[in-house]
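Asks: The sequence and its predicted three-dimensional model are supplied below.
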Amino acid sequence: MRPIRSVAVARRVARVARAWGVALSLCALGCVTGAVSAQEIKLATLAPDGSEWMREMRAGADRVRELTDGRVEIRFYPGGVMGNDAQVLRRIRIGQLHGGAFAASGLAERYRALTLYGIPLLFRSLDEVDYVRERLDPKLEAGLEQAGFVSLGFSEGGFAELMANEPVSRVEDLQRRKVWVPEGDPLGFIAMEALGLSPVVLPLTDVLTGLQTGLLDVVAASPSAALTLQWHTNVRYRTELPVAYTMGILALDARAFNALGAGDRRVVRDVMGDAMARIDRAAREDNLEAALVMTDIGVEPVSVNAADIGEWRSTVETIYPELRQRPDIDAPLLDELLGLLDDFRANDGAAPVRPE
């Protein structure tokens, strides 16, 4: 493990790690047993106790209990008790859990469109992300609800960047390297193959071990996630290229949600939705801070020239026709997303004015 060089930097790492408990919430884990109360909501997350994410969630849960006169109790299982997104979904099916904080890819088996934001090299800036999310987030939430889950909000994970022990600035630098692709992310797998690479599929919970044992050479993560998950201790370089946009989702099984009274459902939506909105807004600044921290502790940033970026993007864009034909892709929503990006770029980054 690379030592942290000063007390000041150590404090910054601790502050970012606390704030970015939300990064850990990108994978929902946990297991509980026993009878399920209709008024008790059990949620699992990787976020540790003491993180900003858990503080916001517990404050929201207290507010829900107060506004419902104790009729609704939200109980959290933080810290990643066991398993991964797939295991949590199985426990939700049998009623041991009612929901959790998932990576977008973690819920893709229930609603395929959630993976669209994570298409590699899709977004070129956070301004594009904001423009698209404002218009498509409500549609994703509605689609998720039709699939049996109620969204209590999305939270930004930030742009994943390539991290490795050798500098990566060109596609050629990735060849013959073992590049991680998250479990449940077929889009990332297809994109890596299009670039001529050999992706290694692993759940998020196995990535640190993969880096330590040499099973993985290259990972993609936001700086905040890399710090919180301790991946920064096994990499030396961070490529400043927005490889893929990451997002977390706080979701409830619709059966548990609908078991609540109408007024209590409204309280849960409003209060927990507000908490997730605060987390979403804070995430961007926290991620910028995390990038500075990584540099401070010796993870060197690597720039990519514009010509190489264009080559990477043009290669990935060749797979769009293939994506439209896949049964696990929502083709109409993909086309709408690409249309929104075309509109935004055609107006030089200004949101186009549409007729009423």
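Replies: Great, that's in hand.

Asks: going forward, measure contacts and count neighbours with C-alpha atoms only.
Replies: OK.

Asks: Tell me which residue is most central in this protein.
Replies: Met247 (3.1 Å; Cα atoms, centre = their mean).

Asks: part of a strand, is that residue?
Replies: Yes: under DSSP: H, G, I helix; E, B strand; the rest coil, Met247 falls within a strand.

Asks: List the contacts of it.
Replies: Met247 sits next to 26, 103-104, 154-158 when contact means Cα atoms under 8 Å, 6 or more residues apart in numbering.

Asks: Buried only: go through those residues for me.
Replies: 26, 103-104, 154-158 (16 or more other Cα atoms under 10 Å).

Asks: and of those, the nearest to Thr318?
Replies: Thr318 has its nearest neighbour among these in Ala104, at 23.5 Å by Cα to Cα.

Asks: could you measure that closest one against Leu116, distance?
Replies: Ala104 is 9 Å from Leu116, where distance means Cα to Cα, to the nearest Å.

Asks: Can you give me every residue that contacts Val200?
Replies: By Cα under 8 Å, 6+ apart, Val200 lies in contact with 178-181, 216.

Asks: In helices only, show me those.
Replies: Among those, the subset assigned to helices under DSSP state H is empty.

Asks: export these to JSON lines and tack on pLDDT and neighbour count?
Replies: Shown next, in JSON lines, are the contacts of Val200 (pLDDT from 0 to 100; neighbours: other Cα atoms under 10 Å):
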{"residue": "Lys178", "pLDDT": "93", "neighbour count": "20"}
{"residue": "Val179", "pLDDT": "94", "neighbour count": "23"}
{"residue": "Trp180", "pLDDT": "94", "neighbour count": "26"}
{"residue": "Val181", "pLDDT": "90", "neighbour count": "26"}
{"residue": "Leu216", "pLDDT": "96", "neighbour count": "22"}
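
Asks: Among those residues, find me the one that's closest to Asp274.
Replies: Of those, the one sitting nearest to Asp274 (Cα to Cα) turns out to be Val181, at 31.7 Å.

Asks: just checking, that closest one touches Gly188?
Replies: Yes: counting by Cα atoms under 8 Å, Val181 touches Gly188, with 6.2 Å between them.

Asks: Now do the top strand by length along the chain: which elements does it pack against?
Replies: Looking across the chain with DSSP state E, the single longest strand is strand 149-164. Under the contact criterion of 3 or more Cα pairs under 8 Å, 6 or more residues apart in numbering; DSSP states H and E, strand 149-164 touches helix 21-24, helix 126-146, strand 218-221, helix 223-228, strand 237-239, strand 244-253, helix 254-258, helix 262-296.

Asks: Out of the contacts of Val200, list just those in strands.
Replies: Per DSSP E, the subset of these in strands is 178-181.

Asks: Which helix or strand in the chain has the lowest average pLDDT?
Replies: helix 21-24 (a mean of 46; mean pLDDT, DSSP states H and E).

Asks: Just give me how far the following helix or strand past that one sits from the chain centre.
Replies: Per DSSP states H and E, the first helix or strand lying C-terminal to helix 21-24 is strand 40-44. With Cα atoms, centre = their mean, to the nearest Å as the basis, strand 40-44 stands 20 Å off its chain's centre.

Asks: Give the pairing partners of strand 40-44; include direction for each.
Replies: When sheet partners are counted by DSSP bridges, strand 40-44 sits next to strand 73-77 (parallel), strand 99-103 (parallel).
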